[in-house]
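# Provided below are the primary sequence and the corresponding predicted coordinates.
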Amino acid sequence: MLRNASALSKSTLPLLKGSTHACKSFSVTRPGITNLSTVTAPSSVEPSIPGIQAIASPIVKPVYVALTPAFNQKASEPTPQEHVVALDPEIFNHPIRRDILHLVVTHYRDSLRQGSANTKTRGEVAGSGRKIRPQKGTGKARLGDAQSPMLRGGGVAFGPKPRDFSTKLPRKVIQMGMRVALSAKVKEQKFGVMTRLDWPSGKTKHLAQRLSVLGLKDTLFITGEGEVPVGLERAIRNIPLVSAISADKLNVYELLQWSRVVLDCKAVEYFERALGKDHRYIPPTV
């Protein structure tokens, strides 16, 4: 995923499909170079057996994103000046579908509704069922008991009752919604990738200064770890307009709320693995 520009030639450019992710060791088998003008992808595959024609679809060009400096950059790590990040175009270059985003966001917000509104009917209001006055002979309008919806203190006619507002949406639509949301951030140039999200000191003051230097305001940091690192979670807790979340807990609605998102390498691996066509993406539960 990350590679030095001087270490990659045209002849060593591998196929995107089936290649391994290389965020961990930085010894990359996927395309990732600084000078994109030197990258050419073959449009076909030479037949390996004489007399048999090999048919292959054109190779899709990866999406290249500039590497965002880490919070505490180490000398042994790739530098943003010499490296870029190659992303899977099936995940991070999906056509923008506003209708899909609307479906997914509406589905998520429906699941947030408590549906606990409750009113009492005339049968549930406390009181006697005695008829207030005789049906005839008084010259006044006819009335039943004191729980009538027409009277003050009576029941409510056709009032709300507890109900479930959640709706159903196919899993593949939710999966497409996440691809569209990530792709929209990439196309808006509001998308970044760090080698890792780590802040061992846990100091809010120092992290706020580092974020100011990097210009990362109104940013959501997404990690591929099971949980946000303890030091980062403690330090980022009191910084306004900044938050961190693990990739498996992220949903489309939360992603669209932020102006900028920054992923670590493991989060990129998670989304490329979970949102691929051959894998099952399980949206987080509310």
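On my side now, so go ahead.
# tell me the SS of Y270?
Classification of Y270 into helix, strand or coil gives helix, according to DSSP: H, G, I helix; E, B strand; the rest coil.
# likewise for I222?
Secondary structure, three-state DSSP: I222 is strand.
# so it sits against K266, correct?
No: in this structure, I222 sits apart from K266 without contact. The criterion is C-beta atoms under 8 Å, and the distance is 9.6 Å. Backbone N, C-alpha and C define where each C-beta goes, glycine included.
# the more surrounded of the two?
Between I222 and K266, I222 has the larger neighbour count (other C-beta atoms under 10 Å), namely 30 against 20.
# got a list of what that one touches?
Contacts were defined as C-beta atoms under 8 Å, 6 or more residues apart in numbering; by that measure I222 touches A244, I245, S246, A247, L250, V261, V262, L263, D264, A267.
# you'd agree A184 is in a strand?
No: counting by three-state DSSP, A184 is not part of a strand but helix.
# which non-adjacent residue is nearest it?
The spatial neighbour of A184 that comes closest, neighbours along the chain excluded (C-beta to C-beta, 6 or more residues apart in numbering), is I96 at 5.7 Å.
# for the one you found, give its distance to K187.
Look at I96 and K187: by C-beta to C-beta, to the nearest Å, they are 7 Å apart.
# pull out the buried residues from stretch 164-177.
Of the residues in stretch 164-177, those scored as buried under the neighbour-count criterion (16 or more other C-beta atoms under 10 Å) are L169, I174, Q175, M176, G177.
# that's a helix at V261, yeah?
No: assignment of V261 by three-state DSSP gives strand, placing it outside any helix.
# test my guess that K161 contacts N118.
Yes: with contact defined as C-beta under 8 Å, K161 reaches N118; the gap is 6.0 Å.
# mind listing the helices for the stretch 101-250 of the chain?
Listed from the start of the chain, the stretch 101-250 of the chain has helices (DSSP state H, counting those that start in this stretch) covering 171-187, 204-214, 230-236.
# tell me the helices and strands packed up against the last one.
This means helix 230-236. When contacts are defined as 3 or more C-beta pairs under 8 Å, 6 or more residues apart in numbering; DSSP states H and E, helix 230-236 packs onto helix 204-214, strand 242-246.
# could you export it as CSV, CA atoms only?
These are the backbone C-alpha positions of helix 230-236, laid out as CSV (Å, rounded to 0.1, in the frame of the first residue of the first chain):
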residue,chain,number,x,y,z
VAL,A,230,-6.4,4.2,25.4
GLY,A,231,-4.0,7.1,25.2
LEU,A,232,-5.7,8.6,22.1
GLU,A,233,-9.1,8.2,23.5
ARG,A,234,-8.1,9.9,26.8
ALA,A,235,-6.4,12.8,25.0
ILE,A,236,-9.0,13.4,22.4
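# list the contacts of it.
In this structure, residues lying in contact with helix 230-236 by C-beta under 8 Å, 6+ apart are 71, 197-204, 206-207, 221, 227, 242-244.
# give me the buried subset of these.
Under a neighbour-count criterion of 16+ other C-beta under 10 Å, the subset of the contacts of helix 230-236 counted as buried comprises F71, L197, W199, G202, L207, F221, V242, S243, A244.
# determine which two of these are furthest apart.
Considering C-beta to C-beta, no two members of these lie farther apart than G202 and S243, which are separated by 16.0 Å.
# coming back round to it: in JSON lines: the buried residues of stretch 164-177, plus distance to N238 and pLDDT.
Conversion of the buried residues of stretch 164-177 to JSON lines gives the following (distance: C-beta to C-beta, whole Å; pLDDT from 0 to 100):
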{"residue": "L169", "distance to N238": "36", "pLDDT": "96"}
{"residue": "I174", "distance to N238": "33", "pLDDT": "95"}
{"residue": "Q175", "distance to N238": "35", "pLDDT": "94"}
{"residue": "M176", "distance to N238": "36", "pLDDT": "95"}
{"residue": "G177", "distance to N238": "32", "pLDDT": "96"}
